[in-house]
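Q: I'd like to go over a predicted model; first the sequence, then the structure.
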Amino acid sequence: MHYSLDKKDKYAVLKLHEQKLNTLISAELKSEMLIINSQGIRNIILDLTDTMYCDSSGLSAILVGNRVCRNANGNFVVTGLSDAVQKLITISQLDQVLTIAASLDEAVQTINGDEIKQ
């Protein structure tokens, strides 16, 4: 799996550098998000700008990220969705469960805004 990780004070940005988020990638993505969370980072931004395709195992990985952040009283924000990935999330009705930001800046503002409330 190709990705970059940018750790900040209040959050980490995990940018996936893969065109497909499928069975070949999802297990490693789940593991990476669990590792990030175990290091005390409770807010994760998953940037899928480079990802054009996602299947059910990819959605499962995204939901794992959402769950680990929520369990740590943190936030999980997904950004950079292609039309195809956005459509899959909407069809799966996960747009009602996930926090989706239109841009990385908006995702950071979401994290920072929620941090102030807590």
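A: Right, received. Where do you want to start?
Q: where in this structure is pLDDT low?
A: 114-118 (pLDDT under 70).
Q: in it, which spans are helices?
A: Under the criterion DSSP state H, the chain contains helices at 23-38, 56-71, 83-91, 104-117.
Q: Nearest to residue 7, out of the ones you listed?
A: helix 23-38 (8.1 Å; C-beta to C-beta). From N, CA and C alone the C-beta is placed, and that goes for glycine too.
Q: any idea how far the residue nearest the centre of the chain is from residue 53?
A: Per C-alpha atoms, centre = their mean, the C-alpha nearest to the average position across the chain is that of residue 46, at 2.9 Å. Computed as C-beta to C-beta, to the nearest Å, the residue 46 to residue 53 distance reads 15 Å.
Q: before we move on, back to that, which one of the helices of the chain lies nearest to residue 9?
A: When these are compared (using C-beta to C-beta), the closest one is helix 104-117, at 9.6 Å.
Q: Name the surrounding residues that touch that closest one.
A: The contact list for helix 104-117 (C-beta atoms under 8 Å, 6 or more residues apart in numbering) reads 10-11, 13, 43, 45, 47, 75, 77-80, 99, 101.
Q: Identify the residues contacting the residue nearest to the centre of the chain.
A: Residue 46 is in contact with 14, 16, 33, 62, 65, 76, 77, 78, 79, counting by C-beta under 8 Å, 6+ apart.
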